[in-house]
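**Q** predicted structure and sequence below. I'll ask about it afterward.
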Amino acid sequence: EVQLVESGGGLVQPGGSLRLSCAASGFTFSNYEMTWVRQAPGKGLEWVSHINSGGGNTVYVDSVKERFTISRDNAKNTLYLQMNSLKPEDTAVYYCAKRNQAGFNDYWGQGTQVTVSS
């Protein structure tokens, strides 16, 4: 059974940092691209970033470039999102998702809340 479990969210002041983790199990983690997606209060899902299976290729939505860094540790079956210089507009539930071979997110975690507020 595929499981994705996010952690690391919380309340942080503007300009602060958080590191999200996503522990994966039930599939060969190193074979799949992974994605972070967020949902702000009252808004739809927004793709944030994805990383290829080996970790050498990453892509970001413009609003988080230069502030967020996606990475993975295939030995630990864990995906990360380092978030720096956080802004109130980054407030959202953050989900990690596994991408299937067709490029679609087929499994999702339960999400972790990130709140940026003074």
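**A** Happy to help now that I have it.
**Q** tell me which element the residue most central in space within the chain falls in.
**A** The chain has W36 as the residue nearest its centroid, 3.1 Å off, counting by C-alpha atoms, centre = their mean. Here W36, judged by DSSP states H and E, is contained in strand 34-39.
**Q** measure the nearest residue to R38 once chain neighbours are set aside to K43 for me?
**A** For R38, ignoring the flanking residues on the chain, the nearest one in space by C-beta to C-beta, 6 or more residues apart in numbering is A92 at 3.8 Å. Placement of C-beta: from N, CA and C, glycine included. As judged by C-beta to C-beta, to the nearest Å, A92 and K43 stand 8 Å apart.
**Q** which of the two has more residues huddled nearby?
**A** A92 (22 against 9; other C-beta atoms under 10 Å).
**Q** residues contacting the more buried one?
**A** Each residue near A92 by C-beta atoms under 8 Å, 6 or more residues apart in numbering is listed here: R38, Q39, A40, P41, K43, E46, Q113, V114.
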